[in-house]
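**Student:** Turn this into a structure:
(4 chains)
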2 protein chains.
Amino acid sequence: MLDPTTLESVSRLFKVLAEPTRLDLLQHLNRGPLTVSELLDATGQKQANVSKQLGLLFTAGLVSRERDGNLVRYAIADPMVFDLCELVCGKLRSDAERQLASLPRRARAKRG
Amino acid sequence: MLDPTTLESVSRLFKVLAEPTRLDLLQHLNRGPLTVSELLDATGQKQANVSKQLGLLFTAGLVSRERDGNLVRYAIADPMVFDLCELVCGKLRSDAERQLASLPRRARAKRG
DNA sequence: TGACAATATTGCTATTTGGTGATATAGTCA
DNA sequence: TGACTATATCACCAAATAGCAATATTGTCA
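**Tutor:** I've put the predicted structure just below:
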């Protein structure tokens, strides 16, 4: 049983992961460290927003950053993120399968 | 690499977990199924709010429910939740330890 | 120094949502 | 049927925040 303070901390971490844009940034960084500009290209988001979301990920301790001249290179600081996503994706898959299985046969096939 | 739709689904699930009240409900249910009234007592929240948050957990497929006469009994539908929380708690612990280790010796001891 | 490029920050708006009181719904018991 | 209990829903408000345009900051290069 977790006390209220810990529940707050746990929920704060989940909140950081509860945004598609930030998940997208993380999954690009999963290939390896990237600069902000590279993440702009990769995600198609505006500069201000990418910078802001990276700041949140950094504050949460999920990514690290390092200046390289004029650039700033971000990297995954805690690979735990991907274990989490793995679990969630697994649930999504099994939910989808369950729903598929509950459909009548006739409704299932798409074309053949 | 997850497509935008999947990122959306993943983030939606994280969002459900990103609230202390809902985490509290889940951890009480982890002991076993409970009625709404029992959850009212356990959490100290108002009835309308508990009902609302349970509804969200139900929609997300994290809990199941079952009428029992006048009562409605909720139960954990997907124990994956606790694997997730375990990972997050582990990170919180290691972050705390890292921060502790980075403090100067003098500042560490509380009283002796 | 000045011109330029990369990143961060600020001020803002629109949207979302947790919590609430009031009310509706569904079930029990007489 | 009516009185009562348990749960759900409604309408609302206040707080949080994603995204944006504009601007500030920090670094490079001449």
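**Student:** near DNA strand D at all, the strand or helix carrying residue A:42?
**Tutor:** Taking DSSP states H and E as the definition, one finds residue A:42 inside helix A:36-43. No. Judged by C-beta under 7 Å from any atom of the strand, helix A:36-43 stays clear of DNA strand D, getting no closer than 9.4 Å. In short, each C-beta sits where N, CA and C put it, glycine included.
**Student:** How about the residue most central in space within chain A, nearest residue that isn't a chain neighbour?
**Tutor:** Residue closest to the average C-alpha location in chain A (C-alpha atoms, centre = their mean): residue A:23, at 2.2 Å. Among residues not flanking residue A:23 along the chain, residue B:7 sits closest, at 5.0 Å (C-beta to C-beta, 6 or more residues apart in numbering or on different chains).
**Student:** Kindly export the lengthiest helix in chain A (C-alpha atoms) in CSV.
**Tutor:** Under DSSP state H, the helix in chain A containing the largest number of residues is helix A:80-102. Below are the C-alpha coordinates for helix A:80-102, written out as CSV (Å, rounded to 0.1, in the frame of the first residue of the first chain):
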residue,chain,number,x,y,z
MET,A,80,12.4,1.6,-18.0
VAL,A,81,10.1,3.7,-20.2
PHE,A,82,10.2,1.0,-22.8
ASP,A,83,9.4,-1.8,-20.4
LEU,A,84,6.3,0.3,-19.4
CYS,A,85,5.3,0.8,-23.1
GLU,A,86,5.9,-2.9,-23.7
LEU,A,87,3.4,-3.8,-21.0
VAL,A,88,0.8,-1.3,-22.2
CYS,A,89,1.2,-2.5,-25.8
GLY,A,90,0.7,-6.0,-24.7
LYS,A,91,-2.5,-5.1,-23.0
LEU,A,92,-3.7,-3.2,-26.1
ARG,A,93,-3.0,-6.3,-28.1
SER,A,94,-4.8,-8.7,-25.8
ASP,A,95,-7.7,-6.4,-25.5
ALA,A,96,-8.0,-6.2,-29.3
GLU,A,97,-7.7,-10.0,-29.6
ARG,A,98,-10.4,-10.4,-27.0
GLN,A,99,-12.7,-8.1,-28.7
LEU,A,100,-12.0,-9.8,-32.1
ALA,A,101,-12.8,-13.1,-30.6
SER,A,102,-16.1,-11.9,-29.2
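**Student:** Which residues does it contact?
**Tutor:** For helix A:80-102, contacts defined as C-beta atoms under 8 Å, 6 or more residues apart in numbering or on different chains pick out A:17, A:23, A:26-27, A:30, A:62, A:108, B:2, B:6, B:9-10, B:13-14, B:61, B:78, B:80, B:83-84, B:87-88, B:90-91.
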